[in-house]
Structures are given as structure tokens and as C-alpha cells.
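A.B. asks: What follows is a protein structure lacking sequence information:
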């Protein structure tokens, strides 16, 4: 810029305009020769012309991208937005979409500044945003549907914590069925038929509801999966749908907790003038088929099927024969005996009761009675702290002392 007043008064040196392209114009607001540009709302018209002249002299033009190039940017931006389907959480998808849109704007601006390439920003940005919004909505709808299915399937089987974990990671719950090693627990009220005959139906239902509620709370406390109620029988298992390395330990601890609770209920019922009930528990560990089984579209249950499930049921029936509250099959004994042998101060005592041939099996199995534990500890391994001794002994010929039940 050179002031016209300086030129007219001769205050500038000679030769300033020598071999120069000179444009003469006004820049003050009152002359109304101001233009609106992307860089300023009051841009002198003469400077706009100077910019055009400079571009012509230096051959530095803005080049418009070809339609094919614009199409490629749209396809790339749209394809990138589809990658959000691999994002697990909605927040991750949102962050990915914002990052993608920001990169499109930045790359567009860099191409304009350093390469003089004018790329249509609306097309790729619209493709990315529309594809991203579609994917977020699709994931939200499908995830909500999956969450509803999981919640309806597992709400009565597992604790709220386990169910929330399954909703966050639905692949952990393979509803189609899979082979997995788990620990199964069967619990049954002894002589329930005769008990029902001796008491009015209202009393029987009240006692049964109180019993089932208390036992279910204990199963959930040890994060077991409640399979079903079959009359007065309870079926639960550990190790599915979430994998639990200590599933055998949890099942045994739960069984001991259940026997402690039934003793409390017996005292309560006796104080109320009601006839108490007693229970037997059978536990077995092994590989079974676990998954969603039933009539598709009508009645489906998440349950376990297999020989080891039947064995647990048969072992539970043997608690009446040996007059003990809890019997373990060999599979469970082998799983929990490893740490008991290494930790000599556990309060768990396991006694081999017999080697029997259960119904439906040709090969005999060993069954074990388990008793005595520290009720304040939350793990068999933590029970080590207060107890003086742990024993794993064989007592085939000598019966153990009568259990409180």
C-alpha cells in the first residue's frame, strides 16, 4: 500500500513503481469499494484485483477437484464411518465420528492452503456424518435388543452384577450352547411329600417360599446361576455364563452357607410351632453342554445338560442314605482338594464316605462329605487365616458324627 497523498506530494522516492504492476483504488470505508470475502467482511476491492493479478503472474491458481475425485472422497469417508460398527461402546463410536469429521475438515483445509486444491467439503462430511449417525442408531437398536434378550433370559438366573457384565460383553453368553466345565449343585428337601401331607397347603407354600427365597439369596451371594426350581428341588451351577476359575470352590462354599441358613430357619420354624424341614445337597464338577435349550419361539431356558448333571442329582439322593447334608462327587473333590493339600490350615474337612455305583452309570464313583468352615471368610482360600487344621481323610468303614440336621 502506498498512500496517494504521498505520491502527489512527492514524499516517496523515485523508482518505487519502476517495473511494477500498479493498481490504483480506494480503501477507505466511505468510498464503498469494500468487498466481502472468506477472510474479511471489509476487503478493499482493489486488493481483490491485485490478488487476481498476482495469481495470473505467478500461475498460482486454485484448482477445483474433479467429480471423480469428489466421488472418491465420499466413498472413503463413508467407508471410514462404517468402521464404527467395530466399536464396542456408543461413546467410542461418537469419539470416532467426531475425530473422522475433524480429519476431513483439516485435510480439506491443508489441500486448499498448500496445494491450491478446492475439494468439495459438503459431500464427504455429509457422507461421514450420515453414515456415522446411521451406524450409531443401528448399534443402539441392536445392542438394546441384545440387552433386552439377555436381561429377559438371565434376570431370574444370575445376580445384577453378572447380568450387567453380560450386557457389556454379550459374547460371553453363548446362548446357542457350548461345552464347558462347570460345577452343578442339586438341593432337595427331605421327605417333602410326607411333610406336605401333614401340613395344610397354605403352611407348606409359606414354608417353601421362605426356604426357596433364602436359598436363592445365598446362591446369588456366591454368584451362582440359578437353573430352576423343580418343586422343592433347587438346581444351580457355577462357571457359566461367566467363566469362574473357582467355580467348584464357590459351589462348596454356597452349600455350606445353605446348610447354615437351613439351621437358622429350623430354629425359627420350631419357635413358631411349625414342623421344620431338612435338606440334602449334591455337588459335581465336569464338562457339560450349557446354553439356551427348549422350544424355539415358545419356551427357552438357559440350562445345563450332560452326564455330570445327572451324577450331581444322583449324589444328592445319597445324602439320605448316609444321613449327611452335603456330598461331593469325585469331580468336585479333585478340584478343591488341590489347594486344601497345599494349605494345611483350612477349616474345610472332607471325608470319603463310600464308593458307589449311582443309577444310570456302570462305573462306580467316590462320594465325599464336606463339613466345617469359617463363616466369616469369603473364600475357601481365605478360610486359612483362623483355622488350625484341614483334613482330607478316608472313612469308608466308620460313619462320621451326626450332622446337626
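C.D. replies: Arrived safely. Note that the coordinates shown come from a computational prediction; the quantities given were computed from them, not determined experimentally. Numbers count the residues shown, from 1 in each chain.

A.B. asks: okay, now residue 61: neighbour count?
C.D. replies: Other residues near residue 61 come to 10 when the count uses other CB atoms under 10 Å. For every residue, glycine as well, the C-beta is placed using N, CA and C.

A.B. asks: ditto for residue 306
C.D. replies: Each residue near residue 306 was counted by other CB under 10 Å, and the total is 17.

A.B. asks: pretty sure it is in contact with residue 284, am I right?
C.D. replies: No - the criterion here is CB atoms under 8 Å, and residue 306 misses it with residue 284 at 10.1 Å.

A.B. asks: helices or strands next to the longest strand along the chain in the packing?
C.D. replies: Assignment by DSSP state E gives strand 279-295 as the longest strand of the chain. In terms of contact count using 3 or more CB pairs under 8 Å, 6 or more residues apart in numbering; DSSP states H and E, strand 279-295 is assigned the packing partners strand 178-189, helix 247-271, strand 299-305, helix 307-321, strand 326-329, helix 330-342.

A.B. asks: got TSV for those, with mean neighbour count and distance to residue 17 too?
C.D. replies: Formatted as TSV, the helices and strands packed on strand 279-295 follow (neighbours: other CB atoms under 10 Å; distance: least, CB to CB, whole Å):
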stretch	mean neighbour count	distance to residue 17
strand 178-189	22	88
helix 247-271	20	93
strand 299-305	16	90
helix 307-321	21	101
strand 326-329	28	106
helix 330-342	18	97
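
A.B. asks: Adding mean pLDDT and distance to residue 52, write the ones you listed out as JSON lines.
C.D. replies: Written out in JSON lines, the entries for these read as follows (pLDDT from 0 to 100; distance: least, CB to CB, whole Å):
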{"stretch": "strand 178-189", "mean pLDDT": "91", "distance to residue 52": "72"}
{"stretch": "helix 247-271", "mean pLDDT": "91", "distance to residue 52": "79"}
{"stretch": "strand 299-305", "mean pLDDT": "75", "distance to residue 52": "74"}
{"stretch": "helix 307-321", "mean pLDDT": "90", "distance to residue 52": "86"}
{"stretch": "strand 326-329", "mean pLDDT": "92", "distance to residue 52": "92"}
{"stretch": "helix 330-342", "mean pLDDT": "76", "distance to residue 52": "85"}
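
A.B. asks: the strands in this structure, which residues?
C.D. replies: Under the criterion DSSP E, the chain carries strands at the ranges 34-35, 43-44, 63-64, 117-118, 178-189, 225-230, 233-238, 279-295, 299-305, 326-329, 349-356, 365-371, 391-394.

A.B. asks: Remind me what the fifth one packs against, helices and strands.
C.D. replies: To tie it back to what came earlier, the one meant is strand 178-189. Contacting strand 178-189 under the criterion 3+ CB pairs under 8 Å, 6+ apart are the following elements: helix 201-221, strand 233-238, helix 247-271, strand 279-295, helix 307-321, helix 330-342.

A.B. asks: Minimum distance to residue 106: which of those has it?
C.D. replies: Ranking the helices and strands packed on strand 178-189 by their distance to residue 106 (criterion: CB to CB) puts strand 279-295 first, at 48.1 Å.

A.B. asks: how about the closest one: buried residues?
C.D. replies: Of the residues in strand 279-295, those scored as buried under the neighbour-count criterion (16 or more other CB atoms under 10 Å) are 279-286, 288, 290-293.

A.B. asks: quick one on the thing from earlier: just put the strands of the chain in a markdown table and tack on distance to residue 102.
C.D. replies: Compiled in a markdown table, the strands of the chain are given as follows (distance: least, CB to CB, whole Å):
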| stretch | distance to residue 102 |
| --- | --- |
| strand 34-35 | 31 |
| strand 43-44 | 28 |
| strand 63-64 | 24 |
| strand 117-118 | 19 |
| strand 178-189 | 43 |
| strand 225-230 | 45 |
| strand 233-238 | 48 |
| strand 279-295 | 43 |
| strand 299-305 | 44 |
| strand 326-329 | 61 |
| strand 349-356 | 63 |
| strand 365-371 | 62 |
| strand 391-394 | 64 |
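
A.B. asks: For residue 265, find the nearest of those.
C.D. replies: The minimum distance between residue 265 and those falls on strand 279-295, with 9.7 Å, by CB to CB.

A.B. asks: For residue 177, give me the pLDDT.
C.D. replies: Residue 177 is assigned 68 on the pLDDT scale.

A.B. asks: Could you check how far residue 214 is from residue 254?
C.D. replies: Noted for residue 214: a distance of 12 Å to residue 254, by CB to CB, to the nearest Å.

A.B. asks: and what of residue 107?
C.D. replies: If you measure residue 107 against residue 254 using CB to CB, the figure is 59 Å.

A.B. asks: same check, this time on residue 4
C.D. replies: Between residue 4 and residue 254 the computed distance is 97 Å (CB to CB).

A.B. asks: now swap in residue 115 and tell me
C.D. replies: Distance, residue 115 to residue 254, by CB to CB: 69 Å.

A.B. asks: what's the answer for residue 67, then?
C.D. replies: According to CB to CB, residue 67 and residue 254 sit 69 Å apart.

A.B. asks: One more: residue 317?
C.D. replies: If you measure residue 317 against residue 254 using CB to CB, the figure is 19 Å.

A.B. asks: likewise residue 222?
C.D. replies: Shown here: residue 222 relative to residue 254, a distance of 4 Å by CB to CB.
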